[in-house]
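> give me coordinates for this.
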Amino acid sequence: QVQLVESGGGLVQAGDSLRLSCAASGRTFALYDMAWFRQAPGKEREFVAAIDWNGKDIEYADVVAGRFTISRDKAKDTGSLQMNSLKPEDTAVYYCAARIATSSGTSARPRDYGYWGQGTQVTVSS
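Sure, this is the predicted structure:
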C-alpha cells in the first residue's frame, strides 16, 4: 500500500497563494491516481482536484477551477496543489488521496480512494 504525507498548509490572507505537497511512499506512486479533498468544520469532505496516474486526465471542482492547479512528479513520487487567489471560504483541512489507477480516469468521489494522508490545515483570513 502507499503512505501519503501532506505539507505546506498555513495561515494566509485573502488573495495570497499556497502550495501544498503530497509525498508518497511504500509503493510505486506512478501507478496511482491522486486527488485533493478538503473538509471545513461542520461540513462534509469536498472534492478539490484530481489527476490520473499519467498526468493527462485532470479534473477540478468548479469552486477552484482557474485558481488551483494540481500536478505530480512521477520521478519524485510527489503531488502538488498550487492554490492562488485564496478566499476565506477555502479554509479547510486539505487531504491528499490516492487509488490504484483504473481505465476510467479521475474520480471526484472520496469513496473511490483507499489511501489518505493525515491532512494539512489551510486558513485564509479576510
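> all contacts plus neighbour counts: C-alpha atoms, from now on.
Will do.
> check contacts around the residue positioned nearest the centre of the chain.
Averaging the C-alpha coordinates of the chain gives a centre point, and the residue nearest to it by C-alpha atoms, centre = their mean is residue 36 (2.1 Å). Taking C-alpha atoms under 8 Å, 6 or more residues apart in numbering, we find residue 36 in contact with 47-50, 81, 94-97.
> that one: what's its closest spatial neighbour, skipping adjacent residues?
Across the structure, with C-alpha to C-alpha, 6 or more residues apart in numbering as the measure, the residue nearest residue 36 apart from its sequence neighbours is residue 96 (4.7 Å).
> that neighbour: neighbour count?
A count of nearby residues for residue 96, using other C-alpha atoms under 10 Å, gives 31.
> right, and the secondary structure at it would be what?
Following DSSP: H, G, I helix; E, B strand; the rest coil, residue 96 is assigned to strand.
> ok, it touching residue 4?
Yes: in this structure, residue 96 sits in contact with residue 4. The criterion is C-alpha atoms under 8 Å, and the distance is 6.9 Å.
> hey, what's in contact with both of these two?
Where contact means C-alpha under 8 Å, 6+ apart, the residues bridging residue 96 and residue 4 through contact with each are 22, 116-117.
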